[in-house]
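Participant: what's the 3D shape of this:
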Amino acid sequence: MNRDVIIACDFKNRAETLAFLDRFTEEKPYLKIGMELFYAEGPSIVRELKSRGHKIFLDLKLHDIPNTVKSAMAVLSSLDVDMCNLHAGGTIAMMEAALEGLMRPDGTRPLLIGVTQLTSTSEERMREDLLIERPIEEVVAHYARNTKKAGLDGVVCSPLEAARVKEVCGADFLTVTPGVRFADGDIGDQSRIATPARAKELGSDFIVVGRPITRAEDPVAAYRRCVADFIG
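Facilitator: Numbers count the residues shown, from 1 in each chain. The predicted structure follows:
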């Protein structure tokens, strides 16, 4: 699996999204569609961006009873997305059901990854708010093992935990890492972060980058900087 930079298209609507993407006249970046844009525009935005030639990571983080997640994943798979996700905390049974729902009649399916702990969650917040007493790296590694046991392709984790995930799940187990910022940039609401170059060193397969690109004065230049630092 080759590394790639995924742009988080956290825009309010279709118009803002297309205005941003129209600035890319040479590249067709891999895009993440999250809750804000998907809930505003629905499945049509996925179909439109796919028709423009973009790969799509649909970031809806499903977490429900197994049967509900299985049915929802069947709908998402029909949108021809390239990657989707769920919360690994939903149990192995839920993740196994999700895989069943994702499988298309022709035997193909999108990549499916499990969210371990959000990159905005610090170890302190995990202990105090979630009553999880183990160290965050240990918790992420445990969730990753469960994700692999369920048959998923990888996890969402901080770049800081990517090496540990690879250690316990193998080099081919994908690590998709948000929480990526330039060294000279604002960290925003993220807690566990790394630069694109450091994420590469730590074993990230995909980095998800939002505001450092989407809010840059020159988004295309910022994207190319990410690609140069992460892919080379």
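
Participant: buried ones in the longest helix along the chain?
Facilitator: The residue-count maximum for a helix in the chain (DSSP state H) belongs to helix 136-149. When burial is assessed from 16 or more other Cβ atoms under 10 Å, helix 136-149 yields the following buried residues: I136, E137, V139, V140, A141, Y143, A144, R145, N146, T147, K148. Every C-beta, even on glycine, is put in place using the N, C-alpha and C of the backbone.

Participant: farthest-apart pair in the residues you listed, please.
Facilitator: With Cβ to Cβ as the measure, no two of the buried residues of helix 136-149 lie farther apart than I136 and K148, at 18.7 Å.

Participant: now the buried residues of helix 136-149 as TSV including pLDDT?
Facilitator: Shown next, in TSV, are the buried residues of helix 136-149 (pLDDT from 0 to 100):
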residue	pLDDT
I136	86
E137	87
V139	89
V140	89
A141	93
Y143	94
A144	96
R145	97
N146	97
T147	98
K148	98
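
Participant: in a markdown table, list those along with distance to V69.
Facilitator: As requested, these are exported to a markdown table (distance: Cβ to Cβ, whole Å):
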| residue | distance to V69 |
| --- | --- |
| I136 | 25 |
| E137 | 27 |
| V139 | 21 |
| V140 | 21 |
| A141 | 23 |
| Y143 | 16 |
| A144 | 19 |
| R145 | 20 |
| N146 | 15 |
| T147 | 14 |
| K148 | 18 |
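
Participant: hang on, G210 packs against F11?
Facilitator: No: in this structure, G210 sits apart from F11 without contact. The criterion is Cβ atoms under 8 Å, and the distance is 10.0 Å.

Participant: buried ones in the helix or strand of the chain with the lowest mean pLDDT, by neighbour count?
Facilitator: Of all the helices and strands that make up the chain, the one with the lowest confidence by mean pLDDT, DSSP states H and E is helix 123-130; it has a mean of 90. For helix 123-130, a neighbour-count test (16+ other Cβ under 10 Å) marks E123, M126 as buried.

Participant: alright, that wraps it up for me.
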